[in-house]
Each structure stands twice: as structure tokens, then as C-alpha cells.
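Q: A predicted structure for the sequence below; I have some questions about it.
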Amino acid sequence: MTYVVYAERWGWTPEQVDRLTLDQEDWLMPIALALDGEREYREKKAAEAAERKAKSKNRS
């Protein structure tokens, strides 16, 4: 399953995954998930701001 996750997410081969140290593997996915969460949060806030702007423009 690990190989599939790394292949889907970063296009890595099993050989590349096997070369990761335990420390790298322990931190790589949590950091990636944290970055994903931050990206989603920023996208959500940008969408909300655009929606508010569109609503206020329609009221004018």
C-alpha cells in the first residue's frame, strides 16, 4: 500500500520509496498532509472572499 500512495502522490517508483530513511518516511506524509490542509484552507477562504465580493457587487 505504501508504494501505491507514494506513486499516486508523487509519481515515485518502489525503488525510490525503498531509499527513504525511516526518519524521512516518518515525517514526509504528515508534512504533506499539513500542507494539503493549509492549501484547502486558503482555497476555501479565497472562495468565500470571492463570494462576498460578488454579493456586494450585485447589491450596488
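A: Yep, it's here.
Q: What segments of this protein are helices?
A: 2-10, 14-18, 22-59 (DSSP state H).
Q: Nearest to the middle of this structure, which residue? Look it up for me.
A: Centroid-nearest residue in the chain, with CA atoms, centre = their mean: Asp36, separated by 2.3 Å.
Q: low pLDDT regions in this protein?
A: Across the chain, the ranges flagged by pLDDT under 70 are 60.
Q: The residue nearest to Leu20 when sequence neighbours are not counted - how many residues pack around it?
A: Leaving aside its sequence neighbours, Leu20 sits nearest to Leu28 (CB to CB, 6 or more residues apart in numbering; 7.1 Å). Yep, even glycine has a C-beta here, placed from its N, CA and C like the rest. Per other CB atoms under 10 Å, the neighbour tally for Leu28 reads 15.
Q: Same check on Arg52?
A: Neighbour tally, Arg52, other CB under 10 Å: 10.
Q: now do Tyr6
A: 19.
Q: Return the residues in contact with it.
A: Counting by CB atoms under 8 Å, 6 or more residues apart in numbering, Tyr6 touches 12, 16-17.
Q: Please report the distance of it from Ala32.
A: Noted for Tyr6: a distance of 10 Å to Ala32, by CB to CB, to the nearest Å.
Q: Kindly report the same for Asp18.
A: Taken as CB to CB, the span from Asp18 to Ala32 is 18 Å.
Q: The two: which is more packed in?
A: Ala32 (13 against 10).
Q: Hmm, the more buried one is touching Arg9, no?
A: Yes - shown here, Ala32 and Arg9 form a contact pair, counting by CB atoms under 8 Å, at 6.9 Å.
Q: how many other residues sit next to Tyr3?
A: 14.
Q: ok, it - contacts?
A: Neighbours of Tyr3 in contact, by CB under 8 Å, 6+ apart: 14, 17.
Q: Next: the one 10 residues further on.
A: With CB under 8 Å, 6+ apart as the criterion, the residues that contact Thr13 are Ala7.
Q: Give me the distance between it and Ala7.
A: Counting by CB to CB, the gap from Thr13 to Ala7 is 7 Å.
Q: Nothing else from me, thank you.
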